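S.K.: Quick check, what structure comes out for this input:
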Amino acid sequence: MTGAGRGELEGTVRVSEIPARATGPEGPSDGARAWARAAAGASRRAFAAPAEDARTTREATSAHRDTGDARDARSGQEARRGHEARAAHEEHDAREARADRPGRAADAPRPGEAEAPRGERRADASLAPQDRGPLAPAALTDPGHWQSNPPGSLYDYIKVASFSVGPDGLVEQWSLRAEQIFGIPAERAIGMDPIEAFVDPDLRERGRRKMAEILDGREWTGLIPFRAKSPQPSQRLRKTTSAGNAGDAGDTARAGRPEHTEDSDGLAEVYVMPTTTEDGRRAAVCIVVDVHTLRSIETDLAASQSIFGQSPFGFLLIDSDLRVRRANKRFSSTFGGTPEDHRGRTVHDYLLSPEADRVRATLRRVLETGESITDMHITGFVPGSDQRKHWSVNLYRVHSGSGRPIGVAWLAIDITARRAAAREAAAARRNLALLNEAGARIGNSLDLETTARELLDVVVPGFCDLAVVDLYQGLLAGDETPPGLADGSAELRRVASASAVTGAPFTGGPAPVAVGGVHHYPFNSPCADALRTGRPKSVAPEEGSPIQSTLAVPMVAHDTVVGLAQFSRTKGSEPFGERDRALAVELAARAAVCIDNARLYRREHERALILQRSLLPPGDPEASGLDIACRYLPGNAATEVGGDWFDVIELPGHRTALVVGDVMGRGLRAAVAMGELRTAVRTLAQLDIEPAEVLSQLDEIARGLGAPGGVAQATRTAARKPRDADLSEVYLATCVYAVYDSVTRRCTFANAGHLPPVLVEPGESALMLDVPPGMPLGVGGEPFEEVEVELPEGSLLALYTDGLVESRHHPLDEGLQAFVGALTDPSQPLEDVCDHVLSTLDTHHGEDDIALLMARVQGLPADSVGDWTLPREPRSVGRAREYARAQLLSWDLEPLVDTAELLVSELVTNALRYGEGEIRLRLLLDRTMVCEVWDAGLVQPRRRRARDTDEGGRGLQLVGLLSTAWGSRRTPRGKTVWFELPLPGGDTALTDPAEALLSLF
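M.R.: Next up is the predicted model:
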């Protein structure tokens, strides 16, 4: 320890550490008086120079372990400082002596006051008013001050001990701190030789020489290794207060607590100051400091210095008056000035109210309660910048060495950049969530207006306060490239608008535009520029408008601009930034793709619907002996066109084919397949083959529609082996085919996987006909069955598709029961019955197409039928002509007599020549007159063109020329050849028989 350090170390004695004076009958000993004066002087010097404490401690801890003669070799500077310190002692002792002369000794007990026992101390020792020296502050010499204030300085950390050595070289006085350091109680220490007690046996001889030198008046400072003794149990706690000062309970406990609990090696720095007793003999006062404690203090000071000097965070030490006691460079660099400039300031010098008030209240709470505050966010401004700063502040209470609160430590971290990054990250997460929501909510329907509204539902209010969507009017109408699309001048229609702010209507242009309104933007406007360039543009708000920021974003899909979306934020919201612009472009692009898909779907849907309607019978078809009503309802706009169809086909002999079918699947392919199957049904019906045979042929055709090479290839493949059907390529369809004979009122049904027909007889409840359902068309491999049912006069027959009775929300059985229940009165007009059924089952409709065909049975009257059986003989030809003439005249069809006689004779002659069995002639009158000739032969007549030299072969040609239609069909017992003549007064005129005969030659 250097000389300066030694001088300062003298001042590390606290009054509380002055050892108890030795007493006797005559009063205090001379050595005790001298030691007390020296200790008091050292204390005054310590308090007079508090700024040097830290330097003294550092110098004390840096002292090398030199003992004995090595410490005698100190520099001249140290010697000079030692002499100056000794001179200060002597001067102070002189002042003390002068102060004692007028009366009693300073340490003597006052009248009426008992002497303190040996080993104890008096609270007011050497602190009486008459003992105050000229250098002692009043606060330090005021007994009331020392009694009320607990210790709380650096000396509580250093724990300076002291003891005195008398002229005989033995310990005369022993402080409590000495007991704590060395572990030796006062009872044992008094009268002990310090050389024997502390010095290693190898160094005792040298120690005795040093002691002799000290008693000879020479100061000495050095390091002494010692072995601390474990205190006895009775000595582990000692009461240190006298009757005059109860002291601080916490300080009492600390003073009585031993420093060691077991024998241990220690190192003490000892400062020995020679003194003189009253009788002129030499003695000494020893000041002792534990070196380990000094080193710990040095570490703590270094850590404290690093916080204040090297910490990258702003650090303040705020005292109990909530004023800045100390600031580090980081803090001063933020708020300007030097660290010293901030001493004495308050939080109101840095923060604005009410933030400063809130922080001050928090500081007060931490100081009073000891509660630590972590990550308290405060905001404010720093000199020279108008940017709002954000700090995260940690507060905790600071205590003195005695545990007394002395202030609050403030550790502040600038989190402005971190908060900005957090806001950016939050914005990115919010935008990502918005995109995810857009992906889930936009494009769920294939309707243009619905898709536009879905976009606005996503962005308002999550992204903006107001928004509108405009689409090109031409694209909505189905035009591929409407005029003005390239330069942005084409007309737009506002399809959707949304606002989350009351009282802030969105105009989107020079004048307000309502949803559904058609408009266009001025050529030089930002909106028109966005439409031309395909890039987003910012739109300046109008003066006085509540709008703060607007983005006009073109909706681009497949390099085609389909419309414009505008997003606006009102005043008070954050204006759009670059990140918002990119998000708006992405949202508009996603919506544009969905809108374009909806537009393409609408176009395909309309084309398929047109195709489908073109393939269905126009209006309500007519049929002989039947009253017909039909309905076709396509699915809603959200579903594609289906393959439902119905048809009514007139057959020879006043018979009618009723057909209802449903191609599985949707879209244009289903509509095309439906058209092909309907055409095939009409073709097969004209062959007048049985219903089961018709469905068998349709099955082959359906299989060919989905096979490479068409029907022929599918037929050849099926002949060799069953084809592994790929359901994604095969057209499957269900169909019910019925043939009604108006003469017999019998109907023959065949079913290919379709729903059963429903029949309602007069006065009866509706019932489903038991028609065996075969496999759907296109599956193949299974024959179809026929069922013949007689239909009573006035009964109602209903054929339908599954869209009428089945939906996702209503099972098939429930729909069938509802349909049967709706058919209650077959006598009502068929149009009313159809409307009633559809209105009753309206909740089932909307997802699939509906085809409904209803027919009321009206058989031919008996007087409209002429039926004769002719024997197989030549005279039957003449009889047939007579029967035909008489019947036609009875029907008032005289204009038809000549033509009918000629054609009847031709058919009967062919039956006699080429047929077998008896001949049957039948004339039918309805909307036309039909003649049928039956025989048992199976050979079908074939029309051919006769050569000029041929004598025969012109009969069937004549039939074809004179009739509006003719043909032949197989029957269970042979064949039937027939012809048809129009009724007089109709649209079709009769052919003159003479002209027809001449045309044959």
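
S.K.: What about the closest residue to Ser499 other than its chain neighbours, how many residues nearby?
M.R.: Excluding the flanking residues, the one nearest Ser499 by C-beta to C-beta, 6 or more residues apart in numbering is Leu466, at 4.7 Å. Where C-beta positions appear, they are placed from N, C-alpha and C, glycine not excepted. Summarising burial for Leu466: neighbours were counted as other C-beta atoms under 10 Å, giving 26.

S.K.: Thought Val460 was touching Leu466, still the case?
M.R.: Yes. In this structure, Leu466 is within contact of Val460 by C-beta atoms under 8 Å, at 6.9 Å.

S.K.: is it true that Val408 touches Leu367?
M.R.: Yes. Val408 is within contact range of Leu367, at 5.4 Å (criterion: C-beta under 8 Å).

S.K.: Could you tell me which residues touch both of those two?
M.R.: Residues touching both Val408 and Leu367 by C-beta atoms under 8 Å, 6 or more residues apart in numbering: 322, 397.

S.K.: Please enumerate the helices of the stretch 151-300 of the chain.
M.R.: Along the stretch 151-300 of the chain, counting by DSSP state H, counting those that start in this stretch, helices occupy 154-158, 176-182, 186-189, 194-198, 204-215, 249-256, 291-310.

S.K.: Now for Met854: which residues touch it?
M.R.: Met854 neighbours (C-beta under 8 Å, 6+ apart): 628-630, 796-799, 830, 833-834.

S.K.: Can you classify the residue positioned nearest the centre of the chain as helix, strand or coil?
M.R.: Centroid check for the chain by C-alpha atoms, centre = their mean gives Ala433 as the closest residue, at 4.4 Å. Per DSSP: H, G, I helix; E, B strand; the rest coil, the secondary structure class of Ala433 is helix.

S.K.: Arg856 now?
M.R.: strand.

S.K.: nearest residue to it other than its sequence neighbours?
M.R.: Asp627 (4.1 Å).

S.K.: wait, is Ser827 part of a helix?
M.R.: No. Per three-state DSSP, Ser827 lies outside any helix segment and is coil.

S.K.: That one and Pro762 touch, don't they?
M.R.: Yes. Between Ser827 and Pro762 a contact is recorded at 6.9 Å, counting by C-beta under 8 Å.

S.K.: Now for these two: what residues contact both?
M.R.: In contact with both Ser827 and Pro762: Gly794, using C-beta under 8 Å, 6+ apart.

S.K.: Average pLDDT for the helix or strand where Leu698 lies, rounded please.
M.R.: Assigned by DSSP states H and E, Leu698 belongs to helix 691-705. When pLDDT is averaged over helix 691-705, the result is 90.

S.K.: try stretch 654-672
M.R.: pLDDT averaged over stretch 654-672 gives 86.

S.K.: and the helix or strand hosting Ile318, what does it pack onto?
M.R.: For Ile318, the host element (DSSP H and E) is strand 314-319. Counting contacts by 3 or more C-beta pairs under 8 Å, 6 or more residues apart in numbering; DSSP states H and E, strand 314-319 is packed against strand 324-327, helix 329-335, strand 405-414.

S.K.: Return the most buried member of those.
M.R.: Burial of the helices and strands packed on strand 314-319 is given as mean neighbour count (mean count of other C-beta atoms under 10 Å); strand 324-327 ranks first at a mean of 20.

S.K.: what does it contact?
M.R.: Contacts of strand 324-327 (C-beta under 8 Å, 6+ apart): 308, 314-319, 339, 342-346, 407.

S.K.: what's the closest of these to Val820?
M.R.: Distance to Val820 across the contacts of strand 324-327 (C-beta to C-beta) is lowest for Gly314, with 86.6 Å.

S.K.: what's the distance between that closest one and Arg330?
M.R.: According to C-beta to C-beta, to the nearest Å, Gly314 stands 5 Å off from Arg330.

S.K.: According to the record, where do the domains of this protein fall?
M.R.: 3-297, 311-414, 446-606, 617-857, 863-999 (automatic domain parsing).

S.K.: Ala440: which of these is closest?
M.R.: domain 446-606 (9.1 Å).

S.K.: Give the buried residues for the biggest helix by length in the chain.
M.R.: If you go by DSSP state H, the chain has its longest helix at helix 578-615. Judged by neighbour count using 16 or more other C-beta atoms under 10 Å, the buried positions of helix 578-615 are 580-581, 583-585, 587-599, 601-602, 604-605, 608-609, 612, 615.

S.K.: Tell me which other helices or strands the helix or strand following it touches.
M.R.: Of the helices and strands lying after helix 578-615 in sequence (DSSP H and E), the nearest is strand 626-633. If contacts are counted by 3+ C-beta pairs under 8 Å, 6+ apart, strand 626-633 sits against strand 642-651, helix 830-840, strand 850-857.

S.K.: how about a cut-off of 10 Å?
M.R.: strand 642-651, strand 655-666, strand 796-800, helix 830-840, strand 850-857 (3 or more C-beta pairs under 10 Å, 6 or more residues apart in numbering; DSSP states H and E).

S.K.: Can you give me the buried ones in it?
M.R.: 626-633.

S.K.: do stretch 559-570 as well
M.R.: Neighbour-count burial for stretch 559-570 flags 560-570 (criterion: 16+ other C-beta under 10 Å).

S.K.: swap in stretch 415-427?
M.R.: Buried, per 16+ other C-beta under 10 Å, within stretch 415-427: 415, 419.

S.K.: How about the contacts made by Ser497?
M.R.: With contact set as C-beta atoms under 10 Å, 6 or more residues apart in numbering, Ser497 has these partners: 452-453, 456, 460, 466-470, 505-506, 508, 513-516, 566.

S.K.: now Leu651
M.R.: Leu651 neighbours (C-beta under 10 Å, 6+ apart): 623-624, 657, 685-686, 688, 739-741, 967, 969.

S.K.: mind redoing it with 6 Å?
M.R.: Taking C-beta atoms under 6 Å, 6 or more residues apart in numbering, we find Leu651 in contact with Ala657.

S.K.: And it, what's its pLDDT?
M.R.: Leu651 carries a pLDDT value of 89.

S.K.: Least confident of the domains of the chain, on average?
M.R.: Averaging pLDDT over each of the domains of the chain puts domain 3-297 lowest, since it has a mean of 57.
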